[in-house]
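*Asks:* Need coordinates for the following:
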Amino acid sequence: FFGGRTPEPKPTLDYPSVSSIVFSYETDTQMLLPIIPSVLQLREPVVTVAFGSNANLEWLAGRGCESVAVTVPVRYTAPDGTTTDGEFNLVEFDNLAEPMLLARDLVGAPKVFANISHSDETVRVWYNQGPNGLTEFLTLDVSSTAAAAAPAASTTNSLNWRYYPSALGGSNNASVSQLT
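*Replies:* Residues are numbered from 1 along each chain as shown. The predicted structure follows:
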């Protein structure tokens with residue numbers, strides 16, 4: 001190829017260096033049910049907010065990125081009766097376009113671009129609300145900076161709802177509306 005150079009192997013989606021803050025809280029079931037697709041069952045009325053700062057990502061040419069995900073625990077029962085438990089992704093804020101577009105377009109993750117800043121004690125998330133400028137969505141203040149032991153590798157299923165509005169103007173039907 002072009003100059004005799006052999007193409008590099010496919011980059012991996014490894015996350016070699018991750019710092020995170022995760023917290024969960026119980027909420028009113030009736031507040032969550034309207035925003036969960038009808039094919040999913042809410043397992044418990046718990047919202048989890050997870051901040052991740054990812055560094056040295058090979059698939060981002062060594063750059064890093066930050067994200068904040070908001071999830072709830074759900075169960076999906078397939079037509080054949082097989083059940084899958086997982087975390088339904090309500091929204092995820094990313095501070096780089098590449099991970100946002102990849103996850104949104106490939107797996108239907110509800111990604112939103114945001115400005116995310118963090119220090120050892122605070123995480124702040126702002127998103128662009130349009131002509132009114134940036135709106136602060138979330139502030140996390142951490143009272144302890146003691147490092148916790150790294151959790152075991154997660155096998156939690158991430159469930160997303162891919163939705164594209166109708167390509168035909170004025171139609172109420174979606175072009176794509178599916179669980180991923």
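*Asks:* what sits against the closest residue to Leu101 other than its chain neighbours?
*Replies:* What sits nearest to Leu101 in space, not counting adjacent residues and going by Cβ to Cβ, 6 or more residues apart in numbering, is Lys111, at 7.7 Å. Bear in mind the C-beta positions are built from the backbone N, C-alpha and C, glycine included. Neighbour list for Lys111: Glu92, Phe93, Asp94, Pro99, Met100, Leu101, Ala103, Arg104 [criterion: Cβ atoms under 8 Å, 6 or more residues apart in numbering].
*Asks:* What's the mean pLDDT across stretch 163-179?
*Replies:* Confidence over stretch 163-179 (mean pLDDT, whole number) is 83.
*Asks:* how about it: buried residues?
*Replies:* By 16 or more other Cβ atoms under 10 Å, the buried positions in stretch 163-179 come out as Leu179.
*Asks:* Distance from it to the middle of the chain?
*Replies:* 22 Å (Cα atoms, centre = their mean, to the nearest Å).
*Asks:* distance between the ends of that stretch?
*Replies:* 9 Å (Cα to Cα, to the nearest Å).
*Asks:* what's in contact with that stretch?
*Replies:* With contact meaning Cβ under 8 Å, 6+ apart, stretch 163-179 is reached by Pro37, Val39, Leu40, Tyr76, Gly108, Leu159, Asn160, Trp161, Arg162.
*Asks:* Give me the buried entries from the residues you listed.
*Replies:* By 16+ other Cβ under 10 Å, the contacts of stretch 163-179 give Leu40, Tyr76, Gly108, Leu159, Asn160, Trp161, Arg162 as buried.
*Asks:* Is the residue sitting nearest the centre point of the chain in a helix, a strand, or coil?
*Replies:* The chain has Glu92 as the residue nearest its centroid, 3.7 Å off, counting by Cα atoms, centre = their mean. Following DSSP: H, G, I helix; E, B strand; the rest coil, we place Glu92 in the strand state.
*Asks:* Thought Ala109 was touching it, still the case?
*Replies:* Yes - assessed by Cβ atoms under 8 Å, Glu92 is found in contact with Ala109 at 5.9 Å.
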